[in-house]
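S.K.: Structure for the following, please:
(one chain, ligands or ions: 1)
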Amino acid sequence: MFDESKKLFEEAKKYIVGGVNSPVRAFKSVGIDPIFIKNAKGAYLYSEDDRQFIDYVSSFGPNILGHANNTIVNKVKAALENGFTYGACTKAEVDLAKRIVETFDSVELTRFVNSGTEAVMSAIRLARGFTQRENCLKFKGCYHGHYDGMLVGAGSGAATFGVPTSKGVIEDIAKHTLICEYNDFDAVKKIFQDYGHTIACVIVEPIAANMGVVLPKPGFLQFLRDITYQYNSLLIFDEVITGFRACYGGIQTLENIKPDLTILGKIIGGGFPLAMYGGNRDIMSLVSPEGPVYQAGTLSGNPIAVQAGIATLDMLKNTNPYNQLKLNTQILVSRTMGLANTYDIPLSENSFGSCFTFFFTENKPTNYPEVLKSNERLFKNFFLGMIKRGIYFAPSQFEANFLSTAHTKKDIEITINAAEEIFKELKD
Ligand code: PLP
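M.R.: A predicted model of the protein is given here:
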């Protein structure tokens, strides 16, 4: 069915480690070779095998307006004519930063970088510089990129491979990352009682999306805000996935909680390499050249990525697609849940905005150990059944799926019908 992709994967493995440039693309946890994508438009991916797929991976989040959105394409084309990178200041980066500052109450100053990983690494360095403390608290199953200190109890690709601590991360670094279970109030309290005066920051995905979607329990985020205040630690919201995903803003906007530092990525680059960390003036002023915390980048604030980001944010602001996206997601999720019930398939889901994960368990997971209870065999068969029918879901139980504004009612209907066929097969 995917002969051309198969051939390309063999070729890729000769030149690229594992044949891929990011591990989850290898499809290891679903037991087939990866599908090579030739091009994409709107809600669809087209493979080198000339197959079309309704895409729910969305490049793992950035493409909230679908692939190759015409407005973004035109903006980027125009930007390309003006040169790709100058290593100098531009008006456009000010325009993008202004939009973010005006949207996020917690952010007075920003710094653009090229990836979420870089933004996390820089924000944690800044938190340590600001507090003069060494430790950082993160949650099991939350993924914050592949910065050494964050590859401890990590989710996403790292969870897929069951390697919570990567080889090559030295103990002297790992020991400064304290770990709690997501949603575990008591564990956080205890760790603060024991180590509070050493904790520079708590970093959290305000809605976890890298162990599949897992929602914070009521009060959990406010509790993190309160306890970090109490111990003079900084609270970092990693909104790389949640930023501009469920509203024009972040989960902090919806929950009315002000973290000390915010990390954005994915959507703010409109599909190009761009991420950001930001916070209030006091903290951010420590970053070079204002202050002694060093951070830099040849391509930071790259003019092409910045134009794609501005175009994306402006369209989101002007069209406000969030209610419709949420409604479409709820239709897809709730009807699929109903069918699972009809065919006696143990299925639960977590979702927010236009982001969702199905888990093959009776109960909705609220933390990483509960996610691990999802039935791997059922997940794999569901994924393979979908791929066979031209529907491209995330190739791992530990990832989120995304709807874009390009997904039509018909796409959703096709997806639900496919789910019904697969559930029927799984039952027989
Ligand atoms: N933080 C979160 C919440 C993420 O989901 C990711 C990537 O998926 C990252 C950080 C790392 O971002 P990047 O892949 O751009 O380095």
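S.K.: Give the full set of residues in contact with the residue in the stretch 101-250 of the chain positioned nearest to the ligand.
M.R.: Nearest to the ligand in the stretch 101-250 of the chain, going by C-beta to the nearest ligand atom, is G116, at a distance of 2.2 Å. In short, each C-beta sits where N, CA and C put it, glycine included. Counting by C-beta atoms under 8 Å, 6 or more residues apart in numbering, G116 touches 144-145, 238, 240, 263, 265-266, 275.
S.K.: Pull out the buried positions in stretch 305-316.
M.R.: 305-313, 315-316 (16 or more other C-beta atoms under 10 Å).
S.K.: Make JSON lines from those and add pLDDT to it.
M.R.: JSON lines is the format used below for those (pLDDT from 0 to 100):
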{"residue": "A305", "pLDDT": "98"}
{"residue": "V306", "pLDDT": "98"}
{"residue": "Q307", "pLDDT": "98"}
{"residue": "A308", "pLDDT": "98"}
{"residue": "G309", "pLDDT": "98"}
{"residue": "I310", "pLDDT": "98"}
{"residue": "A311", "pLDDT": "98"}
{"residue": "T312", "pLDDT": "98"}
{"residue": "L313", "pLDDT": "98"}
{"residue": "M315", "pLDDT": "98"}
{"residue": "L316", "pLDDT": "98"}
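S.K.: The closest residue to L274 other than its chain neighbours in helix, strand or coil?
M.R.: Nearest residue to L274 in three dimensions, chain neighbours excluded: A305, at 4.0 Å (C-beta to C-beta, 6 or more residues apart in numbering). On the three-state scheme (DSSP: H, G, I helix; E, B strand; the rest coil), A305 is labelled helix.
S.K.: separation between A305 and the ligand?
M.R.: For A305, the distance to the ligand (C-beta to the nearest ligand atom, to the nearest Å) stands at 12 Å.
S.K.: From L96, how far off is that residue?
M.R.: Between A305 and L96 the computed distance is 9 Å (C-beta to C-beta, to the nearest Å).
S.K.: State the number of residues packed around E425.
M.R.: 12 (other C-beta atoms under 10 Å).
S.K.: So which bits of whatever helix or strand it lives in are buried?
M.R.: E425 is part of helix 409-427 when elements are defined by DSSP states H and E. Within helix 409-427, the residues scored as buried using 16+ other C-beta under 10 Å are 411-412, 415-416, 418-420, 422-423, 426.
S.K.: After the lowest-mean-pLDDT helix or strand in the chain, which helix or strand is next?
M.R.: Scoring the helices and strands of the chain by mean pLDDT, DSSP states H and E places helix 156-160 at the bottom, with a mean of 53. Per DSSP H and E, the first helix or strand lying C-terminal to helix 156-160 is helix 171-174.
S.K.: How far off centre is that following helix?
M.R.: Here helix 171-174 is found 25 Å from its chain centre; the criterion is C-alpha atoms, centre = their mean, to the nearest Å.
S.K.: Same question for stretch 195-212.
M.R.: Distance, stretch centre to chain centre, for stretch 195-212: 15 Å (C-alpha atoms, centre = their mean).
S.K.: Next, find the distance separating the residue lying closest to V287 once chain neighbours are set aside from S285.
M.R.: Nearest residue to V287, sequence neighbours excluded (C-beta to C-beta, 6+ apart): V293, at 5.2 Å. Between V293 and S285 the computed distance is 10 Å (C-beta to C-beta).
S.K.: Same check on K317?
M.R.: For K317 relative to S285 (C-beta to C-beta), the value is 28 Å.
S.K.: buried ones in the helix or strand hosting N328?
M.R.: Assigned by DSSP H and E, N328 belongs to helix 322-342. By 16+ other C-beta under 10 Å, the buried positions in helix 322-342 come out as 322, 325-326, 328-329, 332-333, 335-337, 339-340.
S.K.: which ones are touching the closest residue to the ligand within the stretch 251-400 of the chain?
M.R.: Sorted by distance to the ligand under C-beta to the nearest ligand atom, the residues of the stretch 251-400 of the chain start with G265, at 4.9 Å. Residues near G265 by C-beta under 8 Å, 6+ apart: 115-116, 119, 240, 243, 274-276.
S.K.: tell me, what residue is most central in the protein?
M.R.: Geometric centre of the chain, nearest residue: I241, 3.4 Å, by C-alpha atoms, centre = their mean.
S.K.: secondary structure class for that one?
M.R.: Of the three states, I241 takes coil according to three-state DSSP.
S.K.: List the single closest residue to it in space, sequence neighbours excluded.
M.R.: A209 (4.4 Å).
S.K.: got the contact list for that neighbour?
M.R.: So A209 contacts 241-242, 355, 357, 399-400 (C-beta under 8 Å, 6+ apart).
S.K.: Please list the residues outside the helix or strand M315 falls within that contact it.
M.R.: Using DSSP H and E, M315 sits in helix 303-319. Residues from elsewhere that reach helix 303-319 (C-beta under 8 Å, 6+ apart): 64-65, 69, 71-72, 75-76, 78-80, 82-86, 90, 92-93, 95-96, 99, 112, 114, 244, 248, 267-274, 322, 405.
S.K.: and those residues, which are buried?
M.R.: Looks like these have 64-65, 69, 72, 75-76, 79, 90, 92-93, 96, 99, 112, 114, 244, 267-274, 322, 405 buried, using 16+ other C-beta under 10 Å.
S.K.: hey, where'd the helices end up in the stretch 1-150 of the chain?
M.R.: Here the stretch 1-150 of the chain has its helices, by DSSP state H, counting those that start in this stretch, at 3-15, 70-81, 91-103, 116-131.
S.K.: Including distance to the ligand and pLDDT, could the buried residues of helix 409-427 go into a markdown table?
M.R.: Formatted as a markdown table, those follow (distance: C-beta to the nearest ligand atom, whole Å; pLDDT from 0 to 100):
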| residue | distance to the ligand | pLDDT |
| --- | --- | --- |
| D411 | 24 | 98 |
| I412 | 24 | 98 |
| T415 | 23 | 98 |
| I416 | 27 | 98 |
| A418 | 26 | 98 |
| A419 | 25 | 98 |
| E420 | 31 | 98 |
| I422 | 27 | 98 |
| F423 | 29 | 98 |
| L426 | 29 | 93 |
